[in-house]
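Chemist: A structural model of the following input is requested.
(one chain, ligands or ions: 1)
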Amino acid sequence: MAAECRSRVPQPDPRPFLKPICPHGPVRFLMAALAFALPVAAGAQVQSVNPGINRYYEDPSLEQSLRMFEGEGREVFDRRNEIVAAVGLKPGMAVADIGAGTGLFTRLFATAVGGSGRVYAVDISPAFVRNIARIAQAENLRQVEAILGGDRDSRLPPAAVDVAFVCDTYHHFEYPQSMLASIHRSLRSGGMLVVIDYQRIPGVSSSWTLGHVRAGKETVIGEIEAAGFKLIEERRGLLKDNYFLRFRRLDG
Ligand SMILES: C[S@@+](CC[C@H](N)C(=O)[O-])C[C@H]1O[C@@H](n2cnc3c(N)ncnc32)[C@H](O)[C@@H]1O
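Modeler: I've put the predicted structure just below:
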């Protein structure tokens, strides 16, 4: 089933209006629900909730990805400065851009935290990580550290991060419980997790979104709170196609 879905969805996701639907939505969502529920008992997440969703990122075209992630008409690109302002970074802070992609937010965060801060740019795509490392070196952004993450582990240092930022990436986490546990470990006490992702509302959202994004906002909030976070803010009015949620890491 996954192979069929992959062959029908050859592009990454940032332009919903260009994307075909995966034809096996309901079956896939049932499998995703099982993949999320079963490991709770087992204590570790062993089954992907969305096999194949990151296939494109194994060897992405940088040129095409730049057009998709950093082109006018993509809501989070058009509203990038407002998003950065809403994240609320201060000079000297440490922020992790998890699923950094082409580095759109990494570069803006580097300015926001300044030379005394730290920006960890994490991605599972070696080409994206190499590209961000190259840009950081070329632009002398010594506060930026590019990290090749794993699909179950961000590989961030423990208790090092003030804000973890996950933009249009949560629905790409194949092992969300494991990723959330690793983000929890990387955050300092009282640290924040900001999640921006597509609104997925049956009857309202596009057919592409309904086929591609496995879970809606309420499910996502439930998963993240179950991983040791508390929702403290939903920023309404900032975005239309996406939601903006802020969670605080709970200690213990
Ligand atoms: C739709 S792109 C979003 C990129 C960027 N956040 C933006 O908004 O421009 C999703 C990104 O998440 C990355 N990704 C998927 N699963 C990941 C994981 N478990 N950890 C880190 N990055 C991941 C992909 O390689 C891809 O670069």
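Chemist: Show me what from the stretch 151-252 of the chain comes close to the ligand.
Modeler: Within the stretch 151-252 of the chain, the positions lying close to the ligand (C-beta under 6 Å from any ligand atom) are 151, 167-169, 172-173, 179. Where you see a C-beta, it was placed from the backbone N, CA and C, and this is true even at glycine.
Chemist: Which among those count as buried?
Modeler: Buried subset of these (neighbour count, 16 or more other C-beta atoms under 10 Å): 167-169, 172-173, 179.
Chemist: Could you give the separation of the helix or strand where I183 lies from the chain centroid?
Modeler: Following DSSP states H and E, one finds I183 within helix 176-186. Helix 176-186 has its C-alpha centroid displaced from the chain centroid by 12 Å (C-alpha atoms, centre = their mean, to the nearest Å).
Chemist: Residues in contact with it: which ones?
Modeler: 36, 39-40, 44-45, 49, 96, 98, 151-161, 164, 166, 170, 173, 193, 223-224, 227-229, 249 (C-beta atoms under 8 Å, 6 or more residues apart in numbering).
Chemist: now this protein, which segments are flagged as low pLDDT?
Modeler: For the chain, residues meeting the criterion pLDDT under 70 lie at 1-44.
Chemist: which residues of it fall in helices?
Modeler: Counting by DSSP state H, one finds helices in the chain at the ranges 2-8, 25-42, 62-69, 75-78, 80-87, 104-113, 126-138, 176-186, 207-212, 217-226.
Chemist: And those helices: which comes nearest D241?
Modeler: Nearest to D241 among those is helix 75-78; the distance by C-beta to C-beta comes to 4.9 Å.
Chemist: Outside of the closest one itself, list whatever touches it.
Modeler: 69-72, 83, 104, 167-168, 196, 239-242.
Chemist: what's the answer for stretch 59-66, then?
Modeler: 12, 101-102, 125, 127-128, 131.
Chemist: now stretch 121-137
Modeler: By C-beta under 8 Å, 6+ apart, stretch 121-137 touches 54, 57-60, 62, 65, 96-103, 106-107, 110, 141-142, 144-151, 154-156.
Chemist: farthest pair in the residues of the stretch 151-252 of the chain next to the ligand?
Modeler: D151 and C167 (17.5 Å).
Chemist: The residue most central in space within the chain - nearest residue in space that isn't next to it in sequence?
Modeler: What sits nearest the mean C-alpha location of the chain, by C-alpha atoms, centre = their mean, is T169, with 2.4 Å. Closest residue in space to T169, ignoring its immediate chain neighbours: G99 at 2.8 Å, by C-beta to C-beta, 6 or more residues apart in numbering.
Chemist: dump the residue contacts of that neighbour.
Modeler: Neighbours of G99 in contact, by C-beta under 8 Å, 6+ apart: 122-124, 166-169, 172.
Chemist: What's the local residue count around the closest residue in space to A94 that isn't next to it in sequence?
Modeler: Distances taken as C-beta to C-beta, 6+ apart put R118 closest to A94, at 4.0 Å, once the chain neighbours are dropped. Neighbour count for R118, taken as other C-beta atoms under 10 Å: 20.
Chemist: what separates R118 from L141, distance-wise?
Modeler: 11 Å (C-beta to C-beta, to the nearest Å).
Chemist: ditto for V166
Modeler: For V166, the distance to L141 - C-beta to C-beta - is 21 Å.
Chemist: Who has more neighbours out of those two?
Modeler: Each of V166 and L141 has its neighbours counted (other C-beta under 10 Å); V166 has more, 25 against 20.
Chemist: contacting residues around that one?
Modeler: By C-beta under 8 Å, 6+ apart, the contact set of V166 is 98-99, 183, 193-197.
Chemist: can you do 7 Å?
Modeler: 98-99, 195 (C-beta atoms under 7 Å, 6 or more residues apart in numbering).
Chemist: can you count the residues close to the closest residue to V113 other than its chain neighbours?
Modeler: Nearest residue to V113 in three dimensions, chain neighbours excluded: M93, at 5.0 Å (C-beta to C-beta, 6+ apart). Applying other C-beta under 10 Å, we find 20 residues neighbouring M93.
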